[in-house]
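[1] pasting the sequence and the predicted coordinates here, then a few questions.
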Amino acid sequence: MHILVTNDDGVTAPGLLALAQGMARFGEVSVLAPDHDWSGGGHVKTLRRPLRVRRVRMADGSSALTSDGAPSDCVALGLMGLLPHKVDLVVSGINPAANLGHDVTYSGTVTAVMESIIWGVPGIAVSLDGGDVDSYELDYQPAVEIVTQVVATVLTHGLPKGVFLNVNVPNLPLSSIKGVLTTSQGLRVYRDRLDRRVDPRGRDYYWIGGDRPTGVPREGTDVGALAAGYASVTPLRLDLTDHKQLEAMQDWRWQPHLAFSETPVFSKNGH
Ligand code: MN
């Protein structure tokens, strides 16, 4: 088996090395990761400039490829023919912070795996709930053990086409992790605040600041699993269709003229 290992924290990140070493037990591992930190960079396709790729050595002396593209570009490059052998699985991580609920749309770790799905290759994203701990101070071994279990289980059961897995691991010693729960996406609570400052030329500029997101730790969700000391595995799809609403809208009549009204767009039972 040939596994492509990538991440969104850059080729020098300690979580990438730990993951690459862990995946080696399944077969051939190719590392192709961005040359800098793309965290929060989302799903990117670089079309307006060339992509450069160069060979580097990781901290253990093993060889890796690095590109100036996004994590999703790295996966596209790898799957479009840059790697000489066919890739059977893409594993992305280990991110030093959790990717829960709506985070998956921001996360370079998860969107790298979304790209693999577009190319018909199964993928697994792995994040460690490191919180404010420096990424070099984290112990990635528990997450390596969990993702090894996940890969082994996926090899037994297989994954339907189009389904990828978002794995989150609590920052606990392996013996303190209560197990692995299969979950749905939970609700993230973002605490972003706009920080407006003035540059030396007197013009305004902005930082999106604020505090780390929290979440609603509902049972059965990714947020709930981590809060209870479990690792979380969430099956996801790129198809974001709301099937309940699709059903409800079968009765709608699309009106030929704009009906201007003061009615709020979100209905009372809406979001
Ligand atoms: Mn990251």
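    Alright, I've got the coordinates. Numbering: from 1, shown residues only.

[2] what ranges does the stretch 1-150 of the chain have for its strands?
    2-6, 28-34, 53-57, 63-67, 89-95, 123-129 (DSSP state E, counting those that start in this stretch).

[3] for these, give me CSV that also has mean neighbour count and mean pLDDT.
    (Each C-beta comes from the backbone N, C-alpha and C, glycine too.) As requested, the strands of the stretch 1-150 of the chain are exported to CSV (neighbours: other C-beta atoms under 10 Å; pLDDT from 0 to 100):
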stretch, mean neighbour count, mean pLDDT
strand 2-6, 25, 98
strand 28-34, 23, 98
strand 53-57, 12, 98
strand 63-67, 19, 98
strand 89-95, 30, 98
strand 123-129, 28, 98
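
[4] using TSV, lay out those strands together with distance to the ion.
    TSV is the format used below for the strands of the stretch 1-150 of the chain (distance: least, C-beta to the ion, whole Å):
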stretch	distance to the ion
strand 2-6	11
strand 28-34	10
strand 53-57	19
strand 63-67	15
strand 89-95	4
strand 123-129	8
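
[5] among these, which comes closest to residue 105?
    Closest to residue 105 of the strands of the stretch 1-150 of the chain is strand 123-129 (C-beta to C-beta; 12.4 Å).

[6] packing partners of the closest one?
    Judged by 3 or more C-beta pairs under 8 Å, 6 or more residues apart in numbering; DSSP states H and E, strand 123-129 is in contact with strand 89-95, helix 108-118, helix 141-157, strand 163-170.

[7] most neighbours per residue, which of these?
    strand 89-95 (a mean of 30; mean count of other C-beta atoms under 10 Å).

[8] that one to strand 123-129, inter-axis angle?
    For strand 89-95 against strand 123-129, the angle by axes from the mean of the first three to the mean of the last three C-alpha atoms, to 10 degrees is 10 degrees.

[9] partner strands of strand 89-95 and their direction?
    Strand 89-95 sits in its sheet next to strand 2-6 (parallel), strand 123-129 (parallel), going by DSSP bridges.

[10] got the angle between it and strand 163-170?
    Interaxial angle of strand 89-95 relative to strand 163-170 (the same axes, to 10 degrees): 30 degrees.

[11] from residue 205, how far out is the residue nearest the centre of the chain?
    Taking C-alpha atoms, centre = their mean, the centroid of the chain lies closest to residue 110, which sits 1.8 Å from it. Distance, residue 110 to residue 205, using C-beta to C-beta, to the nearest Å: 29 Å.

[12] ok, then the element right after the helix or strand harbouring residue 235?
    Assigned by DSSP states H and E, residue 235 falls within strand 231-237. Per DSSP H and E, the first helix or strand lying C-terminal to strand 231-237 is helix 243-248.

[13] can you tell me the SS state at residue 210?
    Using DSSP: H, G, I helix; E, B strand; the rest coil, the structure places residue 210 in strand.

[14] before we move on, back to that, report the angle between the strand holding residue 235 and helix 108-118.
    Here strand 231-237 points in a direction 40 degrees away from that of helix 108-118 (the same axes, to 10 degrees).

[15] list the neighbouring strands of strand 231-237 plus their orientation.
    Partners of strand 231-237 in the sheet, by DSSP bridges, are strand 163-170 (antiparallel), strand 180-182 (parallel).

[16] what's near enough to touch the closest residue to the ion within the stretch 1-150 of the chain?
    Nearest residue of the stretch 1-150 of the chain to the ion: residue 39, at 3.3 Å (C-beta to the ion). Residue 39 makes contacts with 8-9, 95, 97, 107-109, as judged by C-beta atoms under 8 Å, 6 or more residues apart in numbering.

[17] give me that answer again for 6 Å
    Counting by C-beta atoms under 6 Å, 6 or more residues apart in numbering, residue 39 makes contact with 8, 108.
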